[in-house]
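# Could you look at this predicted model? Sequence included:
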Amino acid sequence: MYVRVVRRLVTLISRLAQVQADFEAAQRQAESASAAAKQFMEDKENKVKAQHTVPVSGCLVVLRSELFFMPI
């Protein structure tokens, strides 16, 4: 009878260790996916900001040329 109890305990402890390892692997994968998604969103945001940024010196040159060559 004690052999059955010990065998059952060993089985349960082994299963618990496997479940814990699976949990830790899933947690690492979720953290990695979260970090990748965050980086993707930051890259996308930076790309959009870069597309809407116009160099000030270029704008001034264009505005000055339009100002000086406007018909009177």
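The structure has been received and is ready for your questions.
# Could you give the average pLDDT over stretch 41-59?
Per-residue pLDDT over stretch 41-59 has a mean of 69.
# Kindly tell me how buried Val5 is, as a neighbour count.
With neighbours defined by other C-beta atoms under 10 Å, the count for Val5 comes to 9. Heads up, the C-betas are built off the backbone N, CA and C, glycines and all.
# And the pLDDT for it?
pLDDT, Val5: 95.
# Quick check: the gap between it and Leu12.
11 Å (C-beta to C-beta, to the nearest Å).
# what are the ranges of the helices in this structure?
2-51, 56-68 (DSSP state H).
# Please name every helix or strand in contact with the first one.
Secondary-structure packing of helix 2-51 (3 or more C-beta pairs under 8 Å, 6 or more residues apart in numbering; DSSP states H and E): no helix or strand packs against it.
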